[in-house]
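Asks: Build me a model:
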Amino acid sequence: MKKILFALFALFSVGVFVASADNHKVINKSQLPVQAQQFIDKHFAGVEVSFAKEEREILGRSYEVRLANGAKLEFSSKGAWEEVDCRFGEVPAGIVPAEISKFIKENYPDAKVQKIEIDRNDYEVKLSNRLELKFDKEFRLVDIDD
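Replies: Numbers count the residues shown, from 1 in each chain. Okay, the predicted model is just below:
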């Protein structure tokens, strides 16, 4: 009985490995969803795409893009931005919601937004002064991490 269970487990493990081995695929910018292409053209005009990849997941797809200036962008399966990480620069102002920008300018006037993430419930913003701010969907500050 142990041998049968071990054989089934081994077969299952090999199947999972084979299924997950092909979950990343390097693609061209033109293969990104249109919404993602438009986002890049609008906010990062003139910056070359170093590479883009499609990540296949159990419940869909996501996309990761690296730009020549070092920025990393993540998009949902439909092309909506989920993360913008400009660790060597500043997130373009048009990406950060106005309410969050206003809060940062009033409370941290010398800080720049280096990273912003959005999910179902909140926005997370990393500033150049190393603070990480979390806002809810109504743009109320809910957490500060240093």
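
Asks: check contacts around Leu32.
Replies: Applying Cβ atoms under 8 Å, 6 or more residues apart in numbering to Leu32 gives the contacts Ile40, Ala52, Tyr63, Val65, Phe75, Gly79. Backbone N, C-alpha and C define where each C-beta goes, glycine included.

Asks: now Asn129
Replies: Tyr108, Asp110, Ala111.

Asks: and if you look at Tyr108?
Replies: Under the criterion of Cβ under 8 Å, 6+ apart, the contact partners of Tyr108 comprise Leu127, Asn129, Leu131.

Asks: Kindly report the same for Glu132.
Replies: Contact partners of Glu132, counting by Cβ under 8 Å, 6+ apart, are Glu124, Val125, Lys126, Ile144, Asp145, Asp146.

Asks: Which phi and psi values does it adopt?
Replies: Geometry field for Glu132 lists phi and psi as phi -120, psi 120, criterion degrees, to the nearest 10.

Asks: which secondary structure elements does whatever helix or strand Gln114 lives in contact?
Replies: Using DSSP states H and E, the secondary-structure element containing Gln114 is strand 113-118. Contact here means 3 or more Cβ pairs under 8 Å, 6 or more residues apart in numbering; DSSP states H and E; on that basis strand 113-118 packs against strand 81-85, helix 98-107, strand 122-127.

Asks: Perfect, I'm done here.
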